[in-house]
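Peer 1: return atomic coordinates for the entry below.
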Amino acid sequence: MTMISRMIYIHIPFCDSKCYYCNFCSSVYSEKIKEKYFLKLLEEIKLNKNKEINISSIYIGGGTPSSINEKYIKSIIKGINQNFNVLKNAEITIEANPCSITEKKLLVYKNLGINRISFGVQSLNNKCLKIIGRKHTKKQAINTIKLAKKCGFDNINADVLIGIPKQNYFKLKNTIKNLIKLKIQHISCYMLINEKGTKLTNLIENKKVKVISEEKCVTYYNKTCKYLKKHGYSRYEISNFSKDNFMCKHNIGYWQLKEYYGFGLSAHSYIDGCRYSNTCDMQEYLNNKLEYKKEKLSSLEQTEEMIMLALRTVYGIDLKKLKNLGYDLIKEKKQEIDFLVKNKFITYKNDNIKICEDKFGVTNQIILKLLP
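Peer 2: Sure thing, here's the model as predicted:
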């Protein structure tokens, strides 16, 4: 009997403060709410118990997992191990902020088997950090990464934002340069999105800060890609760069439509072609019976997801897999594919379509042309 392999995502919706650009399901809560939340989270994990499922990766995200007492992280890892078969070589990631991490927490994480840590650095320019409401400084971020290395972490990611108001390429390059000096294994570069209802969007609308043009952001992104490549970081997805053998296995699983459980407030699962989603309302999550909203994805929806996710990666679209879903991309989009190949936006060979290396800055426009 072949055992099924799945991944697990744990959502920690707690933060010490809300960053100006953030629209994630996270906020500042009391200790009493936190205690209730983790009891409910353990209940949810137990409800899905299946020791015949191999867990290939665990990702503890948020929110800010490092903002909570490490005892809660202990309870979650213990709960997963009691209810699932976590593989010995499983990748286990925790997100952390430089201003809420301590040596004690890092050592606890390491002893729990957490082997990858992702820091929300965003910038190593103090003025840029202040504009987006980050609480740490350049010095704190650098010292925290050094501390993580000292505690034995040899798989470290740093998130960086492109398009922060008042950011120029010199400031961005300086951030990347400093991270490279720290010899971390992974760097994620995300375009800043001005989401409705966030403090940053309100500041922009009231003309307190000025947004950087999309054209400039794409230029910064393309320059950053070249700079990272020059220093040994390979881009394997539109926003993700790593040293050899340090790609994030968990995220690759998402892009390849692998099955996963999502536990916690607002978390999603993907199992047997169905999407399951948890409530985004804290009181509803804590006080009601655990119930998931279920959505069966049609072949068309699965096709759209496969195209959108696969084209974000350097692996591209496996056209045979699309055909298995009943969609012949070459037949349906011949004119668009001919145009994109001719103008060197994509390559097409061996039943595979990939975006050309210098065209990742316009990935969304390419995807729109190829969607059913």
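
Peer 1: beta partners for residue 27?
Peer 2: residue 14 (DSSP bridges).

Peer 1: isn't it right next to residue 16, touching?
Peer 2: No: applying Cβ atoms under 8 Å, one finds residue 27 not in contact with residue 16, separated by 10.6 Å. Quick note: C-beta positions are derived from backbone N, CA and C, even for glycine.

Peer 1: so who does residue 317 touch?
Peer 2: 306-307, 310-311, 329, 352-354 (Cβ atoms under 8 Å, 6 or more residues apart in numbering).

Peer 1: swap the cut-off to 6 Å and go again
Peer 2: 310, 353 (Cβ atoms under 6 Å, 6 or more residues apart in numbering).

Peer 1: show me what it bridges to in the sheet.
Peer 2: residue 353.

Peer 1: for the remainder of this discussion, apply numbering that starts at 25.
Peer 2: Right, with 25 as the first residue, what we last looked at is residue 341.

Peer 1: and the pLDDT at it?
Peer 2: Predicted confidence (pLDDT) at residue 341: the value is 95.

Peer 1: how about stretch 348-355 as PDB, C-alpha atoms only?
Peer 2: Only the C-alpha atoms of stretch 348-355 are listed here, as PDB (Å, rounded to 0.1, in the frame of the first residue of the first chain):
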ATOM      1  CA  ASN A 348      -5.300  14.900 -18.600                       C
ATOM      2  CA  LEU A 349      -7.700  17.700 -17.300                       C
ATOM      3  CA  GLY A 350      -9.200  17.800 -20.800                       C
ATOM      4  CA  TYR A 351      -7.600  21.000 -22.000                       C
ATOM      5  CA  ASP A 352      -5.300  21.100 -25.100                       C
ATOM      6  CA  LEU A 353      -3.500  24.400 -24.700                       C
ATOM      7  CA  ILE A 354      -1.600  24.100 -28.000                       C
ATOM      8  CA  LYS A 355      -4.900  23.600 -29.900                       C
END
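
Peer 1: buried stuff in that stretch?
Peer 2: Judged by neighbour count using 16 or more other Cβ atoms under 10 Å, the buried positions of stretch 348-355 are 351, 353.

Peer 1: quick check: the gap between residue 334 and residue 261.
Peer 2: As for residue 334, its distance to residue 261 is 10 Å (criterion: Cβ to Cβ, to the nearest Å).

Peer 1: sorry, wrong one. I was asking about residue 143.
Peer 2: 18 Å.

Peer 1: what are the boundaries of the strands in the stretch 125-274 of the chain?
Peer 2: Secondary structure of the stretch 125-274 of the chain (DSSP state E, counting those that start in this stretch): strands at 140-146, 180-186, 210-215, 258-261, 264-266.

Peer 1: what pairs with the shortest one, and is each one parallel or antiparallel?
Peer 2: Applying DSSP bridges to the sheet, strand 264-266 is found paired with strand 210-215 (antiparallel), strand 258-261 (antiparallel).

Peer 1: export those to JSON lines and tack on mean pLDDT?
Peer 2: Listed next are the strands paired with strand 264-266 as JSON lines, based on pLDDT from 0 to 100:
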{"stretch": "strand 210-215", "mean pLDDT": "96"}
{"stretch": "strand 258-261", "mean pLDDT": "96"}
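
Peer 1: redo those as JSON lines? Include distance to residue 339.
Peer 2: What follows is these, written out as JSON lines (distance: least, Cβ to Cβ, whole Å):
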{"stretch": "strand 210-215", "distance to residue 339": "17"}
{"stretch": "strand 258-261", "distance to residue 339": "8"}
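
Peer 1: SS state for residue 281?
Peer 2: When classified by DSSP: H, G, I helix; E, B strand; the rest coil, residue 281 comes out as coil.

Peer 1: tell me, how many residues neighbour it?
Peer 2: Residues lying near residue 281 (other Cβ atoms under 10 Å) number 16.

Peer 1: do you know how far it is from residue 29?
Peer 2: Distance, residue 281 to residue 29, using Cβ to Cβ: 13 Å.

Peer 1: for residue 202, which residues are in contact?
Peer 2: Taking Cβ under 6 Å, 6+ apart as the criterion, residue 202 is in contact with residue 148.

Peer 1: and if we set it to 10 Å?
Peer 2: Each residue near residue 202 by Cβ atoms under 10 Å, 6 or more residues apart in numbering is listed here: 145, 148-149, 162, 165-166, 169, 182.

Peer 1: again with residue 247
Peer 2: Neighbour list for residue 247: 186, 193, 196-197, 200 [criterion: Cβ under 10 Å, 6+ apart].

Peer 1: could I get the strands of the stretch 125-274 of the chain in a markdown table, plus columns for distance to residue 128?
Peer 2: Listed next are these as a markdown table, based on distance: least, Cβ to Cβ, whole Å:
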| stretch | distance to residue 128 |
| --- | --- |
| strand 140-146 | 14 |
| strand 180-186 | 18 |
| strand 210-215 | 24 |
| strand 258-261 | 33 |
| strand 264-266 | 28 |
